[in-house]
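In: Got a predicted structure here, sequence first:
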Amino acid sequence: MDILKFALKEGAEDVILERVKGVMKQVRFANNSITISQTWDLSFYKLFLTQKNRVVNTTIYGTSDNSIKQIVRNLIKTSKLIQPNQNYFGIAEGPFRYKGISNIYDKKIENIDETEIIKSAINSTLQYSKKTAGVFYTNSFQREIETSSNILASEKSSSIQISIRAFNEKDESGHAVSCSRVLKKFDPESAGKKAGEISKLAKNPKKYKIGKFDIIFDPLSIANLLSLIDKFSSSFAIDCGVSFLKDKIGKKVGSGIVDLIDDGRIENGFNSSIFDEEGVPTKRTNIINKGVLKTYLHNTSTAKKYKTKTTGNAGLIAPQPTNTILKPGKISKEDLFNEVKNGLYITNVWYTRFQNYLTGDFSTIPRDGIFLIKNGEIVKSLKGLRISDNLQRILLNIADISNKPEWIYWWGLEGSVPVFTPYVLVKNVKITLPTM
């Protein structure tokens, strides 16, 4: 059935229908062996509609035509029970022309041998560690969008990723990832090797003093923080009062070497797509340029509210980031380490929590390898530390950035933001002890 036409007939005014059809596979492994393999059908509809500025949306999984009709009727009935959204100003008017993006679909991913790939990653890890564990995903799907504003577009997508941890004795662990949209750019062996090397370096970790330290953040650890900054740049976060970037357009929010970009069109970007959830062509948006906040992320409604143009970041309800890019610096990773006379190397973090979203106060717990650096050299393995600082201050204190970025994506599938980032040196980061 034609769901969009039916919704309009039933009284909807603006309608966006997104059809997704595909397959996701997951393989988990632990103690050097595969433990679970699962496959999911990704076939569903996303339906967004309005009625007199009352906004509703739902996800519809494979049902009969009569069931879909009833879902649409119920959705419209629900819309009549809620208050109009005063910040809703319509959806994008089409049609648009779309340009393709290189390396976002690879048919080979649909038929790969997951077992051999995982074994190669595990074997790379076991050169340095005793045990491994992790998860491996592949996705392959087709996405089509149709709107009541004369937009019709479709594309094929694929992805492949591995998140692998390595273990030796107690508290001696490492973590690394590899992710790609195409098979030729996927490197599970390097991920396994890096996780294993970190676990080997983490031998016999000791507790250390608290205070302020110069910290080199591994791409895996800084990606966690950079993805949050991209989320906080959404105009929805600004309007909700949960972003430290509120009222800072045109103001200095980072050091002069910080260029942070949201790029929905970057080649091989994990969230790259030719169109957003309104059907607007995606684009490259400079969020922070030379430390100065330039824009928020917008869909059509928020752009009209802010008297600007959409950035091609529409979610069905709120603007959302695509791929977060930190512009690389000019020095090597080795030279970056040589800049640190007395500091720390943080390879991974988790449990990042905010005490105050509006000011940016947060804490996060370093996980896996934590290392003391003296005169550019790793001299000791550490444990039992917490970063307790402010995201605004972290940006301002970025002192240098290495020259080779890496793709990072592993915090779970739903709502995650892929990050393309090098190693980052941040001065005077506050280190405390974790509370138990």
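Out: Structure's in. What do you need?

In: So which residues of the stretch 251-400 of the chain form strands?
Out: 260-263, 284-289, 292-293, 324-326, 342-346, 349-356, 361-366, 370-374, 377-383, 386-390, 398-401 (DSSP state E, counting those that start in this stretch).

In: and stretch 274-287, how far from the chain's centre?
Out: 16 Å (CA atoms, centre = their mean, to the nearest Å).

In: Give me the distance between residue 315 and residue 165.
Out: According to CB to CB, to the nearest Å, residue 315 stands 31 Å off from residue 165. Backbone N, C-alpha and C define where each C-beta goes, glycine included.

In: Could you say which of the strands of the stretch 251-400 of the chain is packed most deeply?
Out: strand 324-326 (a mean of 24; mean count of other CB atoms under 10 Å).

In: who's in contact with that one?
Out: With CB atoms under 8 Å, 6 or more residues apart in numbering as the contact definition, strand 324-326 has outside contacts at 222-223, 226-227, 229-230, 258-263, 266, 401, 405, 417-422, 424.

In: Skipping adjacent residues, who's closest to residue 241 in space?
Out: In this structure, residue 241 finds its nearest non-sequential neighbour in residue 358, 6.1 Å apart by CB to CB, 6 or more residues apart in numbering.

In: hang on, the earlier thing: what would the strands of the stretch 251-400 of the chain look like in CSV with mean pLDDT and distance to residue 117?
Out: Listed next are these as CSV, based on pLDDT from 0 to 100; distance: least, CB to CB, whole Å:
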stretch, mean pLDDT, distance to residue 117
strand 260-263, 98, 28
strand 284-289, 98, 32
strand 292-293, 98, 41
strand 324-326, 98, 26
strand 342-346, 97, 29
strand 349-356, 93, 25
strand 361-366, 96, 29
strand 370-374, 98, 29
strand 377-383, 97, 30
strand 386-390, 97, 34
strand 398-401, 98, 31
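
In: what's the closest of these to residue 212?
Out: strand 386-390 (9.0 Å; CB to CB).

In: residue ranges for the helices of the chain, please.
Out: With DSSP state H as the criterion, the chain has helices at 3-9, 65-79, 114-125, 188-201, 219-232, 235-239, 300-305, 333-338, 391-396.

In: Just want the angle from the fifth one to strand 361-366.
Out: Helix 219-232 runs at 150 degrees relative to strand 361-366, counting by axes from the mean of the first three to the mean of the last three CA atoms, to 10 degrees.

In: again with the third one
Out: Here helix 114-125 runs at an angle of 80 degrees relative to strand 361-366 (the same axes, to 10 degrees).

In: Sort out which residues of helix 114-125 are buried, please.
Out: Across helix 114-125, burial judged by 16 or more other CB atoms under 10 Å covers 114, 117-119, 121-122, 124-125.

In: do the same with stretch 86-105
Out: Of the residues in stretch 86-105, those buried (16+ other CB under 10 Å) are 88, 91-92, 94, 96, 98, 101, 103-105.

In: Widest-spaced pair of those residues?
Out: Using CB to CB, the buried residues of stretch 86-105 span at most 35.9 Å, a distance reached by 88 and 103.

In: thought residue 24 was touching residue 139?
Out: Yes - using CB atoms under 8 Å, residue 24 is in contact with residue 139, at 4.9 Å.

In: Quick check: neighbours shared by these two?
Out: With CB under 8 Å, 6+ apart, residue 24 and residue 139 have common neighbours residue 42.

In: These two - which one has more neighbours?
Out: A side-by-side neighbour count of residue 24 and residue 139, using other CB atoms under 10 Å, places residue 139 first with 21 against 16.

In: Tell me the spacing between the residue lying closest to residue 419 once chain neighbours are set aside and residue 132.
Out: Leaving aside its sequence neighbours, residue 419 sits nearest to residue 223 (CB to CB, 6+ apart; 3.7 Å). In this view, residue 223 and residue 132 are 21 Å apart by CB to CB.

In: again, but for residue 153
Out: Taken as CB to CB, the span from residue 153 to residue 132 is 41 Å.

In: Pick out whichever of those two has more residues nearby.
Out: Between residue 153 and residue 132, counted using other CB under 10 Å, residue 132 has the larger neighbour count: 26 against 20.

In: Leaving out sequence neighbours, find the closest residue to that one.
Out: Of all residues beyond its chain neighbours, the one nearest residue 132 is residue 125 (4.6 Å), with distances taken as CB to CB, 6+ apart.

In: so who does residue 283 touch?
Out: Here residue 283 is in contact with 263-265, 311-312 (CB under 8 Å, 6+ apart).

In: you'd agree residue 220 is up against residue 346?
Out: No - between residue 220 and residue 346 there is no contact under CB under 8 Å: 9.1 Å.

In: From the recorded domain assignment, give the ranges for this protein.
Out: 3-122+132-165, 206-432 (automatic domain parsing).

In: Of the ones you listed, which is nearest residue 192?
Out: Closest to residue 192 of the domains of the chain, according to CB to CB: domain 3-122+132-165, at 3.9 Å.

In: what distance separates the closest one from the centre of its chain?
Out: On the basis of CA atoms, centre = their mean, domain 3-122+132-165 is displaced by 17 Å from the centre of the chain it belongs to.

In: Okay, and the beta partners of residue 406?
Out: Beta-bridge partners for residue 406, by DSSP bridges, are residue 421.

In: To clarify, my last question referred to residue 50.
Out: In this entry, residue 50 is beta-bridged to residue 55, by DSSP bridges.

In: Then residue 363?
Out: Applying DSSP bridges, one finds that residue 363 bridges with residue 353, residue 388.

In: What of residue 37?
Out: residue 27.

In: can you count the residues close to it?
Out: Residue 37, neighbours per other CB under 10 Å, totals 14.

In: All further residue positions should be reported with the first residue as 29.
Out: Okay, residue one is now 29; in that scheme the one you just asked about reads as residue 65.

In: Tell me the spacing between it and residue 338.
Out: Taking CB to CB, one finds residue 65 at 41 Å from residue 338.

In: mind showing which ranges of the stretch 179-328 of the chain have poor pLDDT?
Out: Nowhere does the stretch 179-328 of the chain drop to pLDDT under 70.

In: Can you lay out the strands of the stretch 279-428 of the chain as a markdown table showing distance to residue 205?
Out: Listed next are the strands of the stretch 279-428 of the chain as a markdown table, based on distance: least, CB to CB, whole Å:
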| stretch | distance to residue 205 |
| --- | --- |
| strand 288-291 | 19 |
| strand 312-317 | 23 |
| strand 320-321 | 29 |
| strand 352-354 | 15 |
| strand 370-374 | 16 |
| strand 377-384 | 13 |
| strand 389-394 | 17 |
| strand 398-402 | 18 |
| strand 405-411 | 21 |
| strand 414-418 | 20 |
| strand 426-429 | 20 |
